[in-house]
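Got a predicted structure here, sequence first:
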Amino acid sequence: MFFQVGWILGLVFLGLSQAFSAVPASSPNTDSVLRNDLVAEARVFRDQGYRAQAVELLQQAEALSEQGGENQSETGLLLAQLHFELGNYPTSLEQISRILDQSQPSRIEAQALNIRATVQSILNSPKEASKTFAQAYAASASSGDRSMTLTILTNHLRHELDNKNPKKALGIVEQILPRSATIGLLPDSVEIQISIADLLIRFSDQTGLGQYARHALVLLKKAESTAKEQGQVRLQSYAVGHQGRFLIDQSKLEDGIRKLTTANFLANTSRSFESAYLWQWQLARAYRKQGKTDEAIAGYQTAINTLEKVRTELINGSPFTFPQKVQPLFAEFSDLLLTAASEAKTAANQQDFLNEVQMVLEQSKSAELQDYFQNDCVVPDQAVDLKLVEAATAVLYPVILADRLEILVNIGDEVHQFIHQIEASDLEQLANDFRYNLEIDQGDDEYKALGEELYDIVFADLESLFQANNVETLLVIPDGILRTIPFAAIYDGEQYMIEKYAIATTPGISLTFPKPLDAEDASFFAGGISHAVQGFSGLPGVPSELDKLEDQHGATILHNEAFQLSTIETQLGSEDYSIVHIATHGHFDSNPQQSYLLTYDGKLTMDLLEQSIGSRRQTGNTLDLLVLSACETAVGDNRAALGLAGVALKAGARSAVATLWQISDAATVLIVGSFYEYTSKGNRNKAEALRSAQTKLIDSERYSHPSDWAPFLLIGNWL
């Protein structure tokens, strides 16, 4: 297992760091001196991980440059890089465009094109990125800046490796290797050597050309020597650590452990915890390969504890880094604990391992939501004890591993372990096929056949346990691709799962606070759009949906032109309502900045939703229920589904009802109306009410197909 360059040193914008150059102190221009001070202070903030503060300072510096008629290109480049690091990719690209719209020296042009190409690569525009990297290389070659040229080639190589283009990658490697002979003479040579070595190892893995891995090892040894001579302890740690992980993957375990132990010591000495956790992680892998389970478990736990010190800074801003930097660590540790549990010699030891893996899974779920929403505060401070979950409820943790699906079932104070052998890629394909056949009535029963396959994998072995414990409710904490499918529609050959059990989902049990809904005293706010606005189609069933809520529950209504962004924010922040119902187009995206609820005059983003509803948390008057009746997520986009699953937490609501895809207006009116009817009767909790509403449609002739009832999910508090 080899880490990508971005995991370790970030983007290799080495030439860009030189742009933090000081204006000579002797300069008579006071504005220039102040600009220099702002830029220097911004550099300090950036190096400490406070990128947002650095942006503010650089914006002030840019304004001073503009007032004084000075060249703003270098400050603009720094702003573009910081916006990139914060995940503000459109803003970064806009900044680059402003720079490139003007005639620039080759050095500035090369740096700007390098940033543009890297953003294009991350935003999955591979052809455009390759073209822009070529343009950046040409500009850099013209400038004579060898550091920048190697930087561009390094980023371009990573891009082609990410997109599995070995032929193009080979051409770039052949350009890099001759230059690496004189790399020790360049500024930042150690950093470049480590970056190139890392990519050469990846290239060797992809192509099987071992000579490039050997060349990488030579570069790492040179980097270690140079870093030691220069007293760069942090970079020395990287150089030694990469040698260690290379040796581990070559099964030279004792040699690798010695290197990694040294790297860990150097990283901790320099307080470089962003690298220390990597070497601790690799040491844990080595101990596992040696069969030393106890040492491996201790090593993984140490790595996670170290990671927690820097996790926010590592993932800050980028919506794409969590799967690379954090998730694999939790996944490997979970795999180890699950294997240990299955091999435990006593029931007590097995329970110890299973309880520990549940804690690791909860920690991982919380970290993933914090990463998605880029907000540590989205996760509550208090946690729910699994033992407090009522006896008739089973808590399910599906865990997707490379070669199998494991399911942990918690009933009472005991955890049960089930294992089904299936490749992760096969499970993903099955889940996507199932979801596709559910969304649209194809006129056949293919969705039932696929549902039966999923039943055999997920539920078949669990049913006897459910029956023995009189389980009535399933609380599912889905993993990965399983977030994108409705468990309610999984089919056992005779019945859908929702016909047998009430079902709710939650991103984590520790993120859920079970509290019964006080249906008798519930107060409603409801709003939505039936007109076609902003290029979106109309929703003709919305008037009937809102009229029912007004007539039967006394809801305050905002409809069409009245459903304005400013008015909605005011209403959502009001503590007069315990239930908020929104009937408008909603889109959940893999990038939370692109997720929204449509208003008549704009879009209600997740941040605005949090600011309005979430403000109630300060007074302790948390919203009980948020209902979004016309949302959608893309097939196979489990990150978008994560956003949907976390919407209640983000909004500051105890629970949410939302849809994975849009359904017909008539079916929506029926299922929503039935749901509220059953909850208002007071003898059903929310999970039971949604189950009753969905089975009512299943029993009808017109709406029995899952496309009409399956997408509705109850998220969070199920009581």
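Happy to help now that I have it. Numbers count the residues shown, from 1 in each chain.

Output the below-cut-off pLDDT ranges for the stretch 301-450 of the chain.
Filtered on pLDDT under 70, the stretch 301-450 of the chain yields the residue ranges 315-321, 376-377, 380-388.

Repeat the analysis, applying 50 as the threshold.
When residues are selected by pLDDT under 50, none of them lie in the stretch 301-450 of the chain.

Strands of that one, residue ranges please.
Using DSSP state E, counting those that start in this stretch, the strands of the stretch 301-450 of the chain run over residues 393-400, 404-411, 414-421.

In CSV, list those along with distance to residue 112 and mean neighbour count.
C-beta coordinates here come from the backbone N, C-alpha and C atoms, glycine included. Supplementary listing: the strands of the stretch 301-450 of the chain in CSV, determined by distance: least, CB to CB, whole Å; neighbours: other CB atoms under 10 Å:
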stretch, distance to residue 112, mean neighbour count
strand 393-400, 41, 22
strand 404-411, 46, 21
strand 414-421, 51, 16
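
Domain parsing of the chain, as residue ranges.
Under automatic domain parsing, the residue ranges defining each domain of the chain are 1-183, 231-379, 386-511, 524-716.

Dump the strands of the stretch 301-450 of the chain to JSON lines, plus distance to residue 101.
Written out in JSON lines, the entries for the strands of the stretch 301-450 of the chain read as follows (distance: least, CB to CB, whole Å):
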{"stretch": "strand 393-400", "distance to residue 101": "46"}
{"stretch": "strand 404-411", "distance to residue 101": "52"}
{"stretch": "strand 414-421", "distance to residue 101": "56"}
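
Mind checking the ones you listed for the one nearest to residue 428?
The stretch from those with the least distance to residue 428 (CB to CB) is strand 393-400; that distance is 8.4 Å.

what's the angle from the closest one to strand 404-411?
With axes from the mean of the first three to the mean of the last three CA atoms, to 10 degrees defining the directions, strand 393-400 sits at 160 degrees from strand 404-411.

re the thing from before, would you list the domains of the chain in TSV and tack on distance to residue 211?
Putting the domains of the chain into TSV (distance: least, CB to CB, whole Å) gives the following:
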stretch	distance to residue 211
domain 1-183	10
domain 231-379	14
domain 386-511	29
domain 524-716	38
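
Compare the ones you listed and give me the one nearest residue 192.
In this view, the domains of the chain are compared for proximity to residue 192 by CB to CB, and domain 1-183 is the closest at 5.5 Å.

roughly how far is that closest one from the heart of the chain?
Its chain's average C-alpha position is 25 Å from that of domain 1-183, according to CA atoms, centre = their mean, to the nearest Å.

Quick one: mean pLDDT over it.
With pLDDT averaged residue by residue, domain 1-183 scores 79.

please begin residue numbering at 6 from this point
Got it, first residue is 6 now, which makes that one domain 6-188.

how close does the closest residue to residue 714 other than its chain neighbours get to residue 184?
Here the nearest residue to residue 714 in space, its sequence neighbours aside, is residue 702; by CB to CB, 6 or more residues apart in numbering that works out to 4.2 Å. In this view, residue 702 and residue 184 are 66 Å apart by CB to CB, to the nearest Å.

again, but for residue 674
Between residue 674 and residue 184 the distance is 67 Å, computed by CB to CB.

Comparing these two, which shows the higher neighbour count?
The residue with the greater number of neighbours, taking residue 674 and residue 184 and applying other CB atoms under 10 Å, is residue 674; the counts read 20 against 15.

Secondary structure element holding the more buried one?
Under DSSP states H and E, the secondary-structure element containing residue 674 is helix 670-685.

Give me the contacts around the following helix or strand past that helix.
Scanning forward in sequence from helix 670-685, with DSSP H and E defining helices and strands, the next element found is helix 691-703. Counting contacts by CB atoms under 8 Å, 6 or more residues apart in numbering, the residues outside helix 691-703 that touch it are 478, 493, 501, 503-504, 506-509, 522, 630, 660, 662, 672, 675-677, 679-680, 683-684, 689, 708-709, 713-715, 717, 719, 722-724.

among those, which are in helices?
The helices, defined by DSSP state H, take in 672, 675, 676, 677, 679, 680, 683, 684, 713, 714 from these.

secondary structure element for residue 271?
Secondary-structure assignment from DSSP H and E places residue 271 in helix 258-274.

what about the helix or strand that comes right after that helix, distance to the chain center?
The C-terminal neighbour of helix 258-274 among helices and strands, as given by DSSP H and E, is helix 278-294. Distance, stretch centre to chain centre, for helix 278-294: 23 Å (CA atoms, centre = their mean).

Show the average pLDDT along helix 278-294.
In this model, helix 278-294 carries a mean pLDDT of 95.

for stretch 459-476, same thing?
Mean per-residue pLDDT for stretch 459-476: 97.

So which bits of it are buried?
Of the residues in stretch 459-476, those with enough neighbours to count as buried (16 or more other CB atoms under 10 Å) are 459, 460, 462, 463, 464, 467, 471, 474, 476.

Adding distance to residue 646, write these out as JSON lines.
Shown next, in JSON lines, are these (distance: CB to CB, whole Å):
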{"residue": "459", "distance to residue 646": "16"}
{"residue": "460", "distance to residue 646": "20"}
{"residue": "462", "distance to residue 646": "19"}
{"residue": "463", "distance to residue 646": "16"}
{"residue": "464", "distance to residue 646": "20"}
{"residue": "467", "distance to residue 646": "22"}
{"residue": "471", "distance to residue 646": "25"}
{"residue": "474", "distance to residue 646": "29"}
{"residue": "476", "distance to residue 646": "25"}
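
gap between residue 548 and residue 565?
Applying CB to CB to residue 548 and residue 565 gives a distance of 9 Å.

overlap in contacts of the two?
Once CB under 8 Å, 6+ apart is applied, the residues that residue 548 and residue 565 both contact turn out to be residue 535.

Could you identify the most distant pair in the buried residues of stretch 459-476?
Looking at the buried residues of stretch 459-476 by CB to CB, the two members farthest from one another are 459 and 474, with 22.3 Å of separation.
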